[in-house]
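> Pasted the sequence and its predicted model underneath.
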Amino acid sequence: MSTPEQYDAIIIGSGEAGKYLAWHLGTQGKKVANIEDKRIGGACPNIACLPSKNVIHSAKVASFFQRGAEFGIVHGDWHVNMEAVSARRQRMIDGLRDVHLANYAKSKAEIVMGFGRFVAPQTVEVALNAGGTRTLRSDYIFLDTGSRATIDPVPGLAESAPMTHIELLELTTLPEHLLILGGGFIGLELAQAMRRFGSNVTIIERNPTLVHREDSDVTEALHQLFTDEGIDIVTNASVTYVEGTSGKSVIVHLSDGASLEGTHLLVATGRTPNTQNMGLDLAGIKTTPSGHFQVNDRLETTAPGVWAMGDCAGSPHFTHISFDDFRIIRDNLAEPNAAGASRTTTNRQIPSVTFTDPELAHVGLTENDAKKQGIAYRLGKIPMAAALRTRTLDETRGFMKVLIGSGDRILGFTAIGPGVGELLPVIQLAMSANLPYTAVHNLILTHPTLSEGFINLFNTIPKQQA
Ligand SMILES: Cc1cc2nc3c(=O)[nH]c(=O)nc-3n(C[C@H](O)[C@H](O)[C@H](O)COP(=O)(O)OP(=O)(O)OC[C@H]3O[C@@H](n4cnc5c(N)ncnc54)[C@H](O)[C@@H]3O)c2cc1C
Ligand SMILES: NC(=O)c1ccc[n+]([C@@H]2O[C@H](COP(=O)([O-])OP(=O)(O)OC[C@H]3O[C@@H](n4cnc5c(N)ncnc54)[C@H](O)[C@@H]3O)[C@@H](O)[C@H]2O)c1
C-alpha cells in the first residue's frame, strides 16, 4: 500500500447527503475528498428525481394537448418528439452539473472520480476512473453510496436486458408497448408519462393493489385514474419467467398461465443498496440482512469514525431524507457532547409525494397504520372538488383526508389532487410544532388557492366525544 494521503474527511458517494457534507466541511476549511465513481451529484439530478420529473412534465404538456378542446384551445396536428423530450431533460442535467461543479470549486472540496473501497480501518483506496489508484486516510469517513434498481433472479429476466429508470429516461423513441414490472413509485410515475406520450402500457404488480402500502381509497383512486388513462393493470401477478429481449419483443409469463407481451420491459421493483465490493471486513463495517450499512440513530456505523447516510444506510429512499441525514451528521459533528441538542433519525417526519398527475401527497399515519397500531382517530375527508381551485383548473379528481388524534393533534394527512405536494409543509409544521388542527383551520387562507380547501377539510372533522 502506498503512503496514504491524509484528509480531514473522506466521503464516498456524491449523492444528496454526500455532496452537502462535502460542501459544508469544505467551506469550514477542512481538507475533504468526495469520491464518486459515476455521476457528480449522485442519482437525483442525473438519473432519478429531477430527470424523471422533467420528463413527467413534458408528458403533462402532451396531456394538455390531448385535452385542448376541453379548455377551448384549438390546435392543429401535433405529435410527441421523444428526441426533443430527451434533449430538454439533458439540458437540465447539464445545467445542474455546472451548479454542482461550481459548489465543489467554491467550497474547495475535492471531487475524486473513481471507485472507493476500504483497504484498512479508516483507509480507502480509489480505483481512479482515469486509471491508477490513490490511497486516502482520514479519522472521519462518510458513506453515501446510494442504491440501484433491483433485478430479481427471475429466469430470463436479466437475459431480456430490461430497462431500469436510467435507460427509460434516455429513450429517444417511443416504445410501442411498455411492460412495467412493479406498481410502486417509479412504476406509477413512469407508466403515466409514457402512456401520455402514446405508448401502450401494462403494469405488472405482485401485490393485490398498486402502491399496496396505502389506504384502500388511495389505491382505488389511482387504479381508476390509470384505467381511465388507458393503462392496463395486472395485480396479484407472480412472474415465473421472461422471454425475449426488451427493445424488440418480450413476454412475461405468470404463474396462473397468463402471459403478457410487449416491445419493452421496465423493471421498477425496488432498490438494492450499493454496499458490495467495498472491503468492509477490513474496516469493521457491518451490514444488515437487507444489505444496508448497519447504523444507529445518529447514523454511526459499527466502525468508529465511519458514518453512513441516505439509501445505503437504509434511510427511507427519498432525496429529502438523504438531505436530513446530512443535517443529522452535520449537527452531531458540531455538538458531539451537547445532551439532547443533537439530531437523530428517531421519530422524524417522512413526507412523500408521488408525482403522478394528480399527485399523491402523504405525511404521518395512514388509516391502515392507525388501525394496526390501535391508535384512535377522527377522520376528516373531502373530495378534491370541494377545494374550488380545482374547478378553475378542471382537475377535480381525488380527495384530501386528515386523521385527528387526542388534543386535536394531526396524526396524518393524505391528498390526491393537482399540486398537493405543496400542501404538505403547512400540515408538517402543525404536526412538528404540536399545534391543534384548529391553528390551520382558523387561518385566513387565500381564495381561490388549493390550501383554502383546508377549511372545508377541517369542517368535516367530527366533534370529540365528551
Ligand atoms: C426514477 C427515480 C425517481 C425518484 N424520484 C424521487 C423524487 O421525486 N423525490 C425523492 O425524494 N426521491 C426520489 N427518488 C429517490 C432518490 O433518488 C434517492 O433516494 C436519492 O437519490 C438517494 O440519494 P443518496 O444520497 O442515498 O445517494 P445517491 O444519489 O444514490 O448517490 C450515491 C452515489 O455514490 C456512488 N457510489 C456508490 N458506491 C461508490 C463507491 N464505492 N465509490 C465511489 N462512488 C460510489 C454512486 O455512483 C452514486 O453516484 C427517485 C429515485 C428514482 C430511481
Ligand atoms: N416521487 C418520489 O419520491 C419517488 C419516485 C420514484 C422513486 N422513489 C423512491 O425510490 C424507491 C424505489 O422505487 P420503486 O418503484 O422501484 O420501488 P417501490 O418499493 O416503490 O415499488 C416496487 C413495487 O414493485 C413490486 N414488486 C416487487 N417485486 C415484484 C415482482 N417480482 N413482480 C411484480 N411486482 C413486484 C412491489 O410490490 C412494489 O409495489 C421508492 O420506494 C421511493 O423511495 C421516490
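Nice, thanks for sending it over. Ligands and ions are numbered 1, 2, ... in the order given.

> Close to ligand 1: what parts of this protein are there?
Counting by CB under 6 Å from any ligand atom, the chain comes close to ligand 1 at 12-18, 35-39, 42-44, 48-49, 52-53, 115-116, 144-147, 165, 186, 274, 278, 310-312, 317-320, 322, 355. Bear in mind the C-beta positions are built from the backbone N, C-alpha and C, glycine included.

> if we go to 5 Å?
Residues of the chain found near ligand 1 (CB under 5 Å from any ligand atom) are 12-13, 15-17, 35-38, 42-44, 48-49, 52, 115-116, 144-146, 165, 186, 274, 310-311, 317-319, 322.

> What about the residues you listed, which are in helices?
16-17, 43-44, 49, 52, 165, 186, 319, 322 (DSSP state H).

> Residue 368 is in contact with residue 213, correct?
Yes: Residue 213 is in contact with residue 368 according to CB atoms under 8 Å; the separation is 7.5 Å.

> just the helices in the stretch 1-150 of the chain please.
16-27, 43-46, 49-66, 82-107 (DSSP state H, counting those that start in this stretch).

> What residues of stretch 297-311 count as buried?
Across stretch 297-311, burial judged by 16 or more other CB atoms under 10 Å covers 298-303, 306-311.

> likewise stretch 62-69?
62-63.

> average pLDDT across it?
Here stretch 62-69 scores 95 as its mean pLDDT.

> which non-adjacent residue is nearest residue 13?
residue 144 (3.7 Å; CB to CB, 6 or more residues apart in numbering).

> Check the gap between that neighbour and residue 365 for me.
29 Å (CB to CB, to the nearest Å).

> same thing with residue 279?
41 Å.

> So for the two, which sits in the more crowded spot?
residue 365 (20 against 15; other CB atoms under 10 Å).

> what helix or strand does the nearest residue to the more buried one once chain neighbours are set aside sit in?
Excluding the flanking residues, the one nearest residue 365 by CB to CB, 6+ apart is residue 412, at 3.5 Å. Taking DSSP states H and E as the definition, residue 412 sits inside strand 410-417.

> what lines up beside that strand in the sheet?
Strand 410-417 has its sheet partners listed here by DSSP bridges as strand 359-364 (antiparallel), strand 399-404 (antiparallel).

> circling back: ok now do the residue nearest to residue 365, which residues does it touch?
By CB atoms under 8 Å, 6 or more residues apart in numbering, the contact set of residue 412 is 362-367, 369-370, 377, 402-403.

> now, among these, which is nearest to ligand 2?
Checking those against ligand 2 by CB to the nearest ligand atom gives residue 362 as the nearest, at 10.3 Å.

> Return the distance of the residue in the stretch 151-300 of the chain that ligand 1 sits nearest to relative to residue 203.
Nearest to ligand 1 in the stretch 151-300 of the chain, going by CB to the nearest ligand atom, is residue 165, at a distance of 3.6 Å. Distance of residue 165 to residue 203, computed by CB to CB: 15 Å.

> Please identify which of the two sits among more neighbours.
Higher neighbour count among residue 165 and residue 203: residue 203, with 28 against 20, using other CB under 10 Å.

> Which phi and psi values does the closest residue to ligand 1 within the stretch 101-250 of the chain adopt?
Distances between the stretch 101-250 of the chain and ligand 1 by CB to the nearest ligand atom are smallest at residue 146, namely 2.0 Å. Per-residue torsions, residue 146: phi 70, psi -160 (degrees, to the nearest 10).

> That one contacts residue 313, correct?
No: taking contacts as CB under 8 Å, residue 146 lies outside contact range of residue 313: 10.1 Å.

> before we move on, back to that, so the residue nearest to residue 365 bridges to which residues?
residue 364, residue 403.

> Okay, domains of the protein per the record?
5-149+273-340, 158-269, 358-459 (automatic domain parsing).

> The stretch 351-466 of the chain against ligand 2: which residues are in contact?
residue 355.

> Pick out the residue of the stretch 351-466 of the chain closest to ligand 1.
residue 355 (5.8 Å).

> Contact partners for that residue?
Counting by CB under 8 Å, 6+ apart, residue 355 has contacts 52-53, 56, 189, 421.

> Any idea how far apart the tips of stretch 188-208 sit?
15 Å (CA to CA, to the nearest Å).

> So residue 446 belongs to a strand, correct?
No: going by DSSP: H, G, I helix; E, B strand; the rest coil, the assignment for residue 446 is coil, not a strand.

> Pull the number of nearby residues for the nearest residue to it once chain neighbours are set aside.
Nearest-residue entry for residue 446: residue 452, 6.6 Å, with adjacent residues in sequence omitted and distances by CB to CB, 6+ apart. For residue 452, the tally of surrounding residues (other CB under 10 Å) stands at 18.

> Give me the mean pLDDT for stretch 401-420.
pLDDT averaged over stretch 401-420 gives 98.

> Show me what counts as buried in it.
401-405, 408, 410-420.

> Find the residue ranges of the stretch 1-150 of the chain scoring beneath the pLDDT cut-off.
1 (pLDDT under 70).

> Might you report the residue contacts of residue 31?
Contacts of residue 31 (CB under 8 Å, 6+ apart): 6-9, 110.

> about what we covered before: so how far is residue 48 from the residue of the stretch 351-466 of the chain closest to ligand 1?
From residue 355 to residue 48 the distance is 12 Å (CB to CB).

> Of all residues in this structure, which one is closest to ligand 2?
For the chain, CB to the nearest ligand atom, closest residue to ligand 2: residue 184, 1.8 Å.

> For that residue, give its distance to residue 222.
Taken as CB to CB, the span from residue 184 to residue 222 is 11 Å.

> Over to residue 199?
19 Å.

> Which one's more surrounded, those two?
Neighbours per residue (other CB under 10 Å) separate residue 199 from residue 222, with residue 222 holding more: 24 against 21.

> thought that one was touching residue 357?
No: with contact defined as CB under 8 Å, residue 222 does not reach residue 357; the gap is 11.2 Å.

> Can you list the low-confidence ranges for the stretch 301-450 of the chain?
336-341.

> returning to what we had before: how about the contacts made by the residue nearest to the residue of the stretch 151-300 of the chain closest to ligand 1 when sequence neighbours are not counted?
Excluding the flanking residues, the one nearest residue 165 by CB to CB, 6+ apart is residue 186, at 5.5 Å. Residue 186 makes contacts with 52, 165, 268, as judged by CB under 8 Å, 6+ apart.

> and with 10 Å instead?
48, 52, 149, 164-165, 168, 180, 266-271, 354 (CB atoms under 10 Å, 6 or more residues apart in numbering).

> Looking at these, spot the one nearest residue 64.
Relative to residue 64, the closest of those is residue 52; by CB to CB it sits at 19.0 Å.

> for the stretch 151-300 of the chain, what spans make up the strands?
177-181, 200-204, 232-234, 239-245, 249-254, 259-262, 264-267, 271-273 (DSSP state E, counting those that start in this stretch).
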